[in-house]
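In: The following comprises the amino acid sequence and a computationally predicted model.
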2 protein chains.
Amino acid sequence: MSDERRKFKRESADQRKEALIQATLSLVAENGVRGATVRAIAERADVTQGLIRHYFSTKEELVTAAYETHMTEMTDLTFAMAAKVRGSARDQLAALVRVSLEPPVAEPRAVALWASFLNKVQQDAQMKATHERTYADFRDRLQDLIRAVLDEAGRSVSDTRLHHLATACNGVIDGLWLEGGALPDAFAPGELPGIGVESVGAIIGLDLEQRAQQP
Amino acid sequence: MSDERRKFKRESADQRKEALIQATLSLVAENGVRGATVRAIAERADVTQGLIRHYFSTKEELVTAAYETHMTEMTDLTFAMAAKVRGSARDQLAALVRVSLEPPVAEPRAVALWASFLNKVQQDAQMKATHERTYADFRDRLQDLIRAVLDEAGRSVSDTRLHHLATACNGVIDGLWLEGGALPDAFAPGELPGIGVESVGAIIGLDLEQRAQQP
DNA sequence: TCACTAATTATACACTTGCATAATTACGAA
DNA sequence: TTCGTAATTATGCAAGTGTATAATTAGTGA
C-alpha cells in the first residue's frame, strides 16, 4: 500500500489539447489574446507550462486552434438549436433569429472572444479565412431561409434584392448580438430576441411572430 | 553660426499629449491594447519613452485618455456630420444612418479600436461608464429623431414601442457598422448605407429613401 | 548674455514573456 | 515484475515589459 500521491496524471492527447484550448479561450475572453500567457493557460489547465509546447509547437498555433474551435462551436451550436424546430419556413427563420440572440450564443463571453480575436483575424491569413467562411455560412443559410419564407408567402424577389435582405437581416442580428453581449444589463431578458424577430420580419415585410396555429 | 542640430524640440503640453494619444490609438488599432507598449508609443510619437511618464503617470492613464478621446471624437463626428443636413426629420434620420455607415465613422480602424478596448471596458469602471454613456447618447438621439419622423408622418406610438424601435434601429446600424469594418471587402461602396437606410425605414414602417421634393 | 526651470533624454531595474532543454515520472508491454 | 518510452515537470535563458530616477537640454525672463 502506498499513500504517495501521484504527481501527475496522464491524459489522452485529445483531452489535454481540449483542456488547453478551453483554458486559452477563457483567458482570451477575460484578458485578450496577449493576456493569455502560456503560464496563465498552463495554470488554468492545471498543468505546467512546458506541457503546452509538447502539444502545440508554438503559442500562435494554440491560439489559432482555440479560435477555430470557438468559431466552429458557435456555428454548430446555432444551427443545431435552430434545426430542432420543425414547421414552416417562417417558424424556422424566427427560431434561428431567436437562438442567435439568446444564451449560449449571445452572451458577454462570446462577444468578448470575438472582439479579442479581431486583431489577429485581420492579420493572420488562416484566421481571416475562418472568419470569412463563418460569416458567409451564416448569411447563406439566412438567405436560403428568407427565400423559403418568401416563397411560402407567395412572394418573389430578385436575387439582388434577396441578397440585400439577407445582408440587412444579418446586420440586425449581429448588431443585437453585439449589444446584448457588450451591454448585458441594458436589456431585459428576452427583449433582444423579441426585437430581433420583429425587425427581421419588418425588413422582409412579413410578421414572423404570428405562429402557425395547428393543434 | 552653428550647424548643430537641436536634439529635441519642446512642444506644448496639449500637443504632446495629443500626439501620444494618437500614437497610442494607432497602435491599439493595429495590435490591441497590450500591443501598444510604451516603447512603441514613444517611437511612433517620435519621442523617448521616459517622456510618456512625464505626461501620464501610468500607462493605464494614457490608455484611458486615448479611449475617451476616441469615443468622444466618434460621437462628435457622427453628430456633426448629421447635423449639417437641414430638412425634414425624415431626411435627418436618413442622414444620420448614412453618416454612421460611411467613412470616417464606419471603417476598419474604428471597429478595430472598439474591439481592442472592449476587454478593458468591461473591467475598468471609468471606461465602462464612458462606453454606456456613448451608447445611451446615440440611442436617445436616434429615438428622438424617430419620434419626430413618426410625428411628421402623422403616426403615434407608445413610449414602449418607440423604445423598441430605437433599439432595433440602433441594432441594425451597429451591426452594419461592425460588418463593414470587420469585412471591408465584403461590401460594395455605398452598399451598407443603402441597406441601413432601407432597413431602418422598414423597421419604423416608412420609406426613408424618397426625399422630400421641394424646389 | 546668463542662469533657471521644465521638457526631454538616458540609463537602470525588477519582473514577465515565449521558448528551449534537461530531468523526472506514469503507465502499458513484455 | 521490470523496463522502455512518451507524457509531464523542472529549470534556465534571452528578449521585452512598465516604471523609476538621474542626467541633459531647450527655451524663457532678467
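Out: Now that the structure is in, tell me what you want to look at.
In: Name the residues of the longest helix anywhere in chain A that are buried.
Out: Under DSSP state H, the helix in chain A containing the largest number of residues is helix A:125-152. Neighbour counts over helix A:125-152 (16 or more other Cβ atoms under 10 Å in any protein chain shown) mark A:127, A:130-131, A:135, A:138-139, A:141-143, A:145-147, A:149-150 as buried. All C-beta atoms are positioned from the backbone trio N, CA, C, and that covers glycine.
In: What ranges does chain A have for its helices?
Out: Remark: helices assigned in chain A by DSSP H are A:13-31, A:38-44, A:50-55, A:59-83, A:89-100, A:108-123, A:125-152, A:159-182, A:191-204.
In: Identify the residue spatially nearest to A:L142, adjacent ones excluded.
Out: Leaving aside its sequence neighbours, A:L142 sits nearest to A:A166 (Cβ to Cβ, 6 or more residues apart in numbering or on different chains; 5.2 Å).
In: Report the closest residue of chain A relative to DNA strand D.
Out: A:G50 (2.7 Å; Cβ to the nearest atom of the strand).
In: can you tell me how far the residue nearest the centre of chain A sits from chain B?
Out: For chain A, A:M74 is the residue whose C-alpha lies nearest the centre (Cα atoms, centre = their mean; 3.1 Å). As judged by Cβ to the nearest Cβ, to the nearest Å, A:M74 and chain B stand 15 Å apart.
In: in terms of contact, does that residue touch A:E107 like I think?
Out: No. Here A:M74 lies out of contact with A:E107, judged by Cβ atoms under 8 Å, at a distance of 10.8 Å.
In: can you list the weak-confidence ranges in chain A?
Out: A:1-5, A:210-215 (pLDDT under 70).
In: residues in it within reach of DNA strand D, list them.
Out: A:7-11, A:13, A:16, A:47-51, A:54 (Cβ under 7 Å from any atom of the strand).
In: Need the max-distance pair from those residues.
Out: Using Cβ to Cβ, the two most remote members of these are A:K7 and A:A13, lying 19.7 Å apart.
In: quick one: which of these two has more around it?
Out: Using other Cβ atoms under 10 Å in any protein chain shown, the more surrounded residue of A:K7 and A:A13 is A:A13, with 9 against 5.
In: follow-up on the earlier one: give me the number of residues near the residue of chain A closest to DNA strand D?
Out: 9.
In: Now the nearest residue to A:T78 once chain neighbours are set aside, what are its backbone angles?
Out: Leaving out its chain neighbours, the residue that sits closest to A:T78 by Cβ to Cβ, 6+ apart is A:V105, at 5.3 Å. Main-chain dihedrals, A:V105, degrees, to the nearest 10: phi -80, psi -50.
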